[in-house]
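**Student:** Attaching a predicted model along with its sequence, questions to come.
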Amino acid sequence: MSGIDIFATGNDIRETGIIGPQCRERFLPLLRDGPLARLGVEAAGVSRLRGRYVMHRPASSLSVVAGTMAGQALLWTDEGRRFLRPGDLLIAPKGVNHRYETIPGRAWKVIWFNIRREIPFDRVCVRRTDSLASLEKDYLDIMQEASVEGFLSEEARMGKESYVAVLMQRMLHSEKRGQEALHEARMQVLWHYVLDDLPHKWTLRDLAKIAGYSPEHLNRICNGRYGASVMKHLTRLRMQHAAHLLGLGTHKVLTIAELCGYDNPFAFSVAFKRTFGVPPRNFLSQ
């Protein structure tokens, strides 16, 4: 593909791009009902990009997975800017705003695939991977054999594409496990921090800043892990601590309310009864 191309797709401008004359892209020939098609892969390829290349997806209908083989590029998301370097795997789920582009005077070699289906990510992320060299080798083998019609049989081609599909799934699966481990570590730090200072007037913005996520993303994580929003889970922790203090029998209800972050004892009683079914004064007897 060559020449300068400025394009837009969809009535709501789902995707815009600029492709300069020095850019070259080779597309992977996909079997119509092959392993990659069944995984939702709509297109895949290897691109060698020089000069001007910009791809902006404010609300793409496709998920994008792209690994940097050589050179560098710039990635822009709602969270800021970063460089894409060799070994970086960009994972961009559909519908999430992102833009990547070449750096003036630098080339960028990238291997990629676009996926119609949802992928198990809800934000743009970049992870390190060591699978790109294997993936490129299989891409190039398939491209080479297709260019000379060198496939011995449909079964042989199916086997090659199956291996590419396995690599793709392995990359996404391992990156998802890494993301879950990161979430787990950050949640432990967050709630340990909160439990050390329950009387503090915590806000969603405060908690998101400690966790290192946007308020919206932190709510998504908490709903997935605890079945409740951030602030509801905070209330749950406060009520558990209140029940513990009531069990000790050494504090008045008013004092317990203050220790759990409530200036208003009535609001504390309402929250406690909503959690345990009885007001705090009747908790031990029940």
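**Tutor:** Yes, it's here. Residues are numbered from 1 along each chain as shown.
**Student:** and Pro86, how far is that from Ile210?
**Tutor:** As for Pro86, its distance to Ile210 is 33 Å (criterion: CB to CB, to the nearest Å). (Each C-beta comes from the backbone N, C-alpha and C, glycine too.)
**Student:** same deal with Arg123?
**Tutor:** Spatial separation of Arg123 from Ile210 under the definition CB to CB is 18 Å.
**Student:** More neighbours: these two, which one.
**Tutor:** Between Arg123 and Ile210, counting by other CB atoms under 10 Å, Arg123 is the more crowded of the two (19 against 15).
**Student:** Does that one touch Ile91 like I think?
**Tutor:** No. Here Arg123 lies out of contact with Ile91, judged by CB atoms under 8 Å, at a distance of 9.1 Å.
**Student:** So for the two, which residues contact both of them?
**Tutor:** Where contact means CB atoms under 8 Å, 6 or more residues apart in numbering, no residue is in contact with each of Arg123 and Ile91.
**Student:** Tell me the spacing between Leu132 and Glu161.
**Tutor:** Separation of Leu132 from Glu161 (CB to CB): 18 Å.
**Student:** The spatially closest residue to Val164 that is not a sequence neighbour: which element?
**Tutor:** What sits nearest to Val164 in space, not counting adjacent residues and going by CB to CB, 6 or more residues apart in numbering, is Asp138, at 4.9 Å. When secondary structure is defined using DSSP states H and E, the element that contains Asp138 is helix 132-147.
**Student:** now stretch 230-249, how far from the centre of its chain.
**Tutor:** In terms of CA atoms, centre = their mean, to the nearest Å, the gap separating the centre of stretch 230-249 from the centre of its chain is 32 Å.
**Student:** Using PDB, list the CA coordinates for it.
**Tutor:** Only the C-alpha atoms of stretch 230-249 are listed here, as PDB (Å, rounded to 0.1, in the frame of the first residue of the first chain):
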ATOM      1  CA  VAL A 230     -16.000   1.400  45.000                       C
ATOM      2  CA  MET A 231     -18.000   3.400  47.400                       C
ATOM      3  CA  LYS A 232     -20.400   0.500  48.200                       C
ATOM      4  CA  HIS A 233     -17.300  -1.700  48.900                       C
ATOM      5  CA  LEU A 234     -15.900   1.000  51.200                       C
ATOM      6  CA  THR A 235     -19.200   1.000  53.100                       C
ATOM      7  CA  ARG A 236     -19.000  -2.800  53.400                       C
ATOM      8  CA  LEU A 237     -15.500  -2.500  54.900                       C
ATOM      9  CA  ARG A 238     -16.700   0.200  57.300                       C
ATOM     10  CA  MET A 239     -19.600  -1.900  58.500                       C
ATOM     11  CA  GLN A 240     -17.400  -5.000  59.000                       C
ATOM     12  CA  HIS A 241     -15.100  -2.900  61.200                       C
ATOM     13  CA  ALA A 242     -18.100  -1.500  63.000                       C
ATOM     14  CA  ALA A 243     -19.400  -5.000  63.800                       C
ATOM     15  CA  HIS A 244     -15.900  -5.900  65.100                       C
ATOM     16  CA  LEU A 245     -15.800  -2.900  67.400                       C
ATOM     17  CA  LEU A 246     -19.300  -3.600  68.700                       C
ATOM     18  CA  GLY A 247     -18.200  -7.100  69.500                       C
ATOM     19  CA  LEU A 248     -15.400  -5.800  71.600                       C
ATOM     20  CA  GLY A 249     -17.900  -4.000  73.800                       C
END
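**Student:** does Gly224 count as helix, strand or coil?
**Tutor:** helix (DSSP: H, G, I helix; E, B strand; the rest coil).
**Student:** Next, find the distance separating it from Glu184.
**Tutor:** As defined by CB to CB, Gly224 lies at a distance of 12 Å from Glu184.
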